[in-house]
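Asks: this is a predicted model, with the sequence first.
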Amino acid sequence: MLPLIWRLGREACIARLVDNKFSWVPGGHVWIQGDNIYASSDSRQFGPVPYGLVEGKILCRVWPLDGFGLLNH
């Protein structure tokens, strides 16, 4: 289940629907969430991640729905 997200300037608020908690994501950080809610080690455990620590490649977009699909690099 995807979290609800509110943007406030450069910050965002994440409503985590599974455990009914809220988390603030400051500017310059991202919220990383795995696809297995019960077995993923992600931002639900360790919080927002600074952009500078992210290594990887984006393959597809899932939100917003009108932009859903594979990304060309």
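Replies: Cool, got the structure.
Asks: please report phi then psi for Phe46.
Replies: phi -110, psi 0 (degrees, to the nearest 10).
Asks: and the pLDDT at the residue nearest the centre of the chain?
Replies: Nearest residue to the geometric centre of the chain (C-alpha atoms, centre = their mean): Trp31, 3.4 Å. On pLDDT, Trp31 comes in at 82.
Asks: verify the contact between it and Glu11 for me.
Replies: No. The criterion here is C-beta atoms under 8 Å, and Trp31 misses it with Glu11 at 11.3 Å. The C-beta positions use only the backbone N, C-alpha and C, and glycine is treated the same way.
Asks: residue ranges for the helices of the chain, please.
Replies: With DSSP state H, the ranges of helices along the chain come out as 43-46.
Asks: residue ranges with poor pLDDT in it?
Replies: Residues of the chain that meet the criterion pLDDT under 70 lie in 1-10, 13-19, 73.
Asks: where do the strands of it begin and end?
Replies: With DSSP state E, the ranges of strands along the chain come out as 4-8, 11-16, 21-25, 29-30, 49-50, 60-61, 69-70.
Asks: tell me how far the last one lies from the chain's centre.
Replies: Using C-alpha atoms, centre = their mean, to the nearest Å, the distance from the centre of strand 69-70 to the centre of the chain it belongs to is 17 Å.
Asks: neighbouring contacts of it?
Replies: Strand 69-70 is contacted by residues Leu59, Cys60, Arg61 when judged by C-beta atoms under 8 Å, 6 or more residues apart in numbering.
Asks: neighbour-wise, which one of those leads?
Replies: Compared across the contacts of strand 69-70, Arg61 has the highest neighbour count, 13 neighbours, by other C-beta atoms under 10 Å.
Asks: in this structure it contacts Asn72, no?
Replies: No. Here Arg61 does not reach Asn72: they are 11.3 Å apart, not a contact under C-beta under 8 Å.
Asks: just the closest of the contacts of strand 69-70 to Asn20, please.
Replies: Ranked by distance to Asn20 (C-beta to C-beta), these are led by Arg61 at 27.1 Å.
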